[in-house]
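*Asks:* No sequence on hand, only this structure:
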């Protein structure tokens, strides 16, 4: 059976306010072509279909259209909800949609109810484990198959252990059927990017990969970088970079051939590149004139200026060469951020001194006498207004 593992589409998301709708549409077109050209039997979408619980109307329309096109191309589609999705909204009318060959798995109580697919080697049980917010779903999970002892222990490990135990118990009743699991979770060993919404507190949200031992293939979602934790345990990553920390990631999906004996052969399918991300660093003059950046002029750009003094109008100047610049930061060479607290740094100092230092810090040059006089007048006026009030 041939599977296509993808996740974290985040339909409706922008990149520092840059519109990504065209790029997302191009990726979904690409998925349809892969399904058709590679004769994919089932597409696995491992959560975070949308970027927020109430997605924009055009994002919903794009998702609906994509599901219809994937089915027309010949694939079944199994979708789970992620931590960005509203499970209840995404799973609306799932029982009816099942009949069309699109399976929306968003309820904790149904983790051990598989989608049953079939090929010439026999059945394949596909289990969907949506994002499980521990305190919200503990009471909804199926009972412990070993002993009906109430809700599982608190925390991500507790709820995911219960979910996988229930899946194994169901699988044991199916006479040797091959198995596939979709799960939206942070598995230990996976590396995060800046664009994921953190689901952990002090690392507690991470769970060991051993939870998924014994399954034919586990399609993970949540982390945006493509990652292989073991041959049968993988993150597909997001189809587009959603932060500059993902600039060097090779985006795409996994094409998984599940053999009759339960073995897997996995191949990477690269995603089409819409616009590269580049992080540039140096003095403003170098960024504006150096030939080293000639090939990056059409990229989405995050620039870090290292000039000793903050240049005026830097963003406007950079935009002339890099029209898609999105982020500008200022880190003067040799500058060091203070480690003292704000309270300790301003203790015993008057308003004028604090304001003058702030201006000097932002501009990296001291205030002039004229500016000092203006600040003095402004503070005097503010004090008079405060007294009169």
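*Replies:* Okay, I see it. These figures come from a predicted structure and were not determined experimentally.
*Asks:* so who does the closest residue in space to residue 332 that isn't next to it in sequence touch?
*Replies:* Counting by CB to CB, 6 or more residues apart in numbering, the nearest residue to residue 332 once its immediate chain neighbours are dropped is residue 308, at 5.3 Å. All C-beta spots, glycine's among them, are computed from the backbone N, C-alpha and C. Residues in contact with residue 308 (CB atoms under 8 Å, 6 or more residues apart in numbering) are 332-334, 364.
*Asks:* Could you grab the helix/strand/coil label for residue 308?
*Replies:* Applying DSSP: H, G, I helix; E, B strand; the rest coil to residue 308 yields a three-state assignment of coil.
*Asks:* Also the one 3 residues further on?
*Replies:* Applying three-state DSSP to residue 311 yields a three-state assignment of coil.
*Asks:* For residue 205, see how far away the most centrally placed residue in the chain is.
*Replies:* Taking CA atoms, centre = their mean, the centroid of the chain lies closest to residue 196, which sits 4.0 Å from it. With the distance defined as CB to CB, to the nearest Å, residue 196 ends up 11 Å from residue 205.
*Asks:* same check, this time on residue 294
*Replies:* Distance, residue 294 to residue 205, by CB to CB: 43 Å.
*Asks:* Looking at those two, which one has more neighbours?
*Replies:* Under the criterion of other CB atoms under 10 Å, the comparison of residue 294 against residue 205 puts residue 205 first, with 17 against 8.
*Asks:* Which residue, other than its chain neighbours, is closest to that one?
*Replies:* Beyond its immediate neighbours in the sequence, the residue positioned closest to residue 205 (CB to CB, 6+ apart) is residue 199, lying 4.4 Å away.
*Asks:* just checking, that neighbour touches residue 207?
*Replies:* No. With the criterion set as CB atoms under 8 Å, residue 199 and residue 207 do not qualify as a contacting pair; they are 10.5 Å apart.
*Asks:* Am I right that residue 365 is in a strand?
*Replies:* No. Read with three-state DSSP, residue 365 is coil and lies in no strand.
*Asks:* Tell me how many other residues crowd it.
*Replies:* Under the criterion other CB under 10 Å, the count of neighbours that residue 365 has is 12.
*Asks:* Got the phi and psi for it?
*Replies:* Comment: the main-chain dihedrals of residue 365 come out as phi -160, psi 150, following degrees, to the nearest 10.
*Asks:* And the pLDDT at the nearest residue in space to it that is not next to it in sequence?
*Replies:* The shortest distance from residue 365 to any non-neighbouring residue, by CB to CB, 6+ apart, is to residue 309 (5.3 Å). According to the predicted model, the pLDDT of residue 309 comes to 89.
*Asks:* Surely residue 309 and residue 366 touch.
*Replies:* No. At 10.8 Å, residue 309 does not count as touching residue 366 under the criterion of CB under 8 Å.
*Asks:* which outside residues touch stretch 94-109?
*Replies:* For stretch 94-109, the external contacting residues (CB under 8 Å, 6+ apart) are 67, 71, 76-81, 85, 87-88, 90-91, 111, 115, 126-130, 132, 137, 140-142, 159, 163, 182.
*Asks:* Same question for that stretch: list its buried residues.
*Replies:* Going by neighbour count (16 or more other CB atoms under 10 Å), the buried part of stretch 94-109 is 94, 97, 101-108.
*Asks:* Stretch 71-79 too?
*Replies:* Of the residues in stretch 71-79, those with enough neighbours to count as buried (16+ other CB under 10 Å) are 71, 73, 75-79.
*Asks:* From start to finish, how long is that stretch in a straight line?
*Replies:* The stretch stretch 71-79 measures 13 Å between its terminal residues, going by CA to CA, to the nearest Å.
*Asks:* what's the offset of that stretch from the middle of its chain?
*Replies:* Taking the mean C-alpha point of stretch 71-79 and that of its whole chain, the gap between them comes to 23 Å (CA atoms, centre = their mean, to the nearest Å).
*Asks:* pLDDT weak spots in the stretch 251-389 of the chain?
*Replies:* Residues of the stretch 251-389 of the chain meeting the criterion pLDDT under 70: 335-348, 387-389.
*Asks:* quick one: the helices in it?
*Replies:* Remark: helices assigned in the stretch 251-389 of the chain by DSSP state H, counting those that start in this stretch are 284-289, 314-321, 342-346, 351-363, 369-388.
*Asks:* What of the stretch 51-200 of the chain?
*Replies:* For the stretch 51-200 of the chain, applying DSSP H, counting those that start in this stretch gives helices covering 57-72, 87-90, 94-97, 134-137, 156-171.
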